[in-house]
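In: structure for this input, please:
(one chain, ligands or ions: 1)
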Amino acid sequence: MSHHIPTARTVRELREALEPHRRARRSIGLVPTMGALHEGHLSLIRRAREQCDFVVVSVFVNPSQFDRLADLERYPRQQGLDAERAARAGADLVFAPSVQEVYPDGFATQVQVLGIADRLEGASRGPEHFRGVATVVTKLLLMTLPDVAFFGQKDAQQVLVIRRLVADLNIPVRIEVCPTVREADGLALSSRNAQLSPQERERALGLYAGLSAAAQLFGAGERSAEALLAAAHAAMRSFAVEPEYLELVDPDSLEEVSRLGGPALLAVAARVGPVRLIDNTILDSSDCAAASSYAAPSSSSSSKTRAVNSARKVPACSA
Ligand code: AMP
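Out: Below you'll find the predicted structure:
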């Protein structure tokens, strides 16, 4: 199999490349990314490959969703390597438009999702962040008109925002969500991890340690949000990581919960050195049987990634 695939730079090139496939009624999958592709992205591409006849990976560092200029400027860019990795994972086409192509002169429309976008990341980063995400994802969906679009559970709130806008704007696409891929020691893969110094890389494990501590207590039967959050805070403190937010919320409405009756989303954001990291897990008692086979996090920070489909889950229950 060749590992060279074409790159479309304009919407016109994208549509021309897709047209014969659409005419032949082949299903089209879209994996939107900001590039610097890692195993998390590749797991989405592989899932798309399994489900769709033609797989498009978009690579676009969207300026409007960055709340800090320094973060945007520092964001890793590696287009040649991305195309190669995307191809190896099974993509058929890379769509890598310029900023001018996505936001031409005179661009004046914004997509804003009310309610859920205001919480967690929205509260922390400001309303521009999800406005930027919602606008660019709407555009990418309408440019590509895929049958299925693939997103990661790592950005749990983003998934909710996208599901909302797709439903509200009647965009004819199915949204498929893939599990978070983690390093062997539990750190969620992120393009920003490359910016961590070795010491910061050790501390970054504090986010996963916090989620794991709460998940283990939950597995032991604790249902008070206060107690679960206290355990998570303590674990994070032992890595010298202070959360920007650490919340237990309803996984659909993102409303805070005080006692866990059904599944709850435990979401965290923290700055480690110059890098802002996020992570989350779902605490769900119906997961317990499956989760009990996962080991507690080890303290080693091997950079080896788990095979995608056995990606480590946060242990939700004690064995
Ligand atoms: P990004 O390039 O960071 O905008 O991410 C593009 C897509 O990859 C989003 O749907 C993310 O949720 C997803 N993603 C990022 N990191 C991971 C990960 N560690 N595991 C699974 N999906 C991920």
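
In: can you give me the strands for the protein?
Out: Using DSSP state E, the strands of the chain run over 7-8, 28-33, 54-59, 93-95, 148-152, 174-178, 243-249, 264-272, 275-283.

In: out of the ones you listed, which is closest to the ligand?
Out: Closest of these to the ligand is strand 148-152, at 2.3 Å (criterion: Cβ to the nearest ligand atom). C-beta: built from backbone N, CA, C; applies to glycine.

In: strand partners (parallel or antiparallel) of that closest one?
Out: Within its sheet, strand 148-152 is paired with strand 28-33 (parallel), strand 174-178 (parallel), according to DSSP bridges.

In: any chance of those strands in JSON lines, plus mean neighbour count?
Out: Below are the strands paired with strand 148-152 laid out as JSON lines (neighbours: other Cβ atoms under 10 Å):
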{"stretch": "strand 28-33", "mean neighbour count": "26"}
{"stretch": "strand 174-178", "mean neighbour count": "17"}
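
In: in this protein, which helix has the most residues?
Out: helix 198-219 (DSSP state H).

In: now do that one: which elements does it pack against?
Out: With contacts defined as 3 or more Cβ pairs under 8 Å, 6 or more residues apart in numbering; DSSP states H and E, the packing partners of helix 198-219 are helix 225-237, strand 243-249, strand 264-272, strand 275-283, helix 288-291.

In: now the stretch 1-150 of the chain against the ligand: closest residue?
Out: G40 (2.4 Å).

In: state the distance from that residue to G152.
Out: G40 is 6 Å from G152, where distance means Cβ to Cβ, to the nearest Å.

In: overlap in contacts of the two?
Out: Counting by Cβ atoms under 8 Å, 6 or more residues apart in numbering, the shared contacts of G40 and G152 are 180-181.

In: does S197 touch V275 like I think?
Out: No. Applying Cβ atoms under 8 Å as the test, S197 and V275 come out as separate, 9.7 Å apart.

In: who's more crowded, those two?
Out: Taking neighbours as other Cβ atoms under 10 Å, S197 and V275 compare with V275 leading, 19 against 12.

In: residues contacting the more buried one?
Out: Listed by Cβ under 8 Å, 6+ apart, the contact set of V275 reads 192-193, 195-196, 200, 204.

In: write a ChimeraX command that selects only the buried members of those residues.
Out: This is how ChimeraX selects the buried members of those, with burial counted by 16 or more other Cβ atoms under 10 Å:
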select :192,193,195,196,200,204
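
In: of the contacts of V275, which is the nearest to the ligand?
Out: Out of the contacts of V275, the member with the shortest distance to the ligand (by Cβ to the nearest ligand atom) is R192, at 8.2 Å.

In: identify the residues contacting that closest one.
Out: Counting by Cβ under 8 Å, 6+ apart, R192 touches 75, 275-277.

In: mind checking how far it is from H4?
Out: 28 Å.

In: okay, the helices and strands packed on helix 198-219 in a markdown table with mean pLDDT next?
Out: Output for the helices and strands packed on helix 198-219, formatted as a markdown table (pLDDT from 0 to 100):
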| stretch | mean pLDDT |
| --- | --- |
| helix 225-237 | 98 |
| strand 243-249 | 98 |
| strand 264-272 | 98 |
| strand 275-283 | 97 |
| helix 288-291 | 45 |
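
In: so which of those comes closest to A215?
Out: Evaluated over those, closeness to A215 peaks at strand 275-283, with 6.0 Å, by Cβ to Cβ.

In: quick one: the closest one near the ligand?
Out: No. On the criterion Cβ under 6 Å from any ligand atom, strand 275-283 is out of touch with the ligand, staying 8.9 Å away.

In: next, the angle from that strand to helix 225-237.
Out: 140 degrees (axes from the mean of the first three to the mean of the last three Cα atoms, to 10 degrees).
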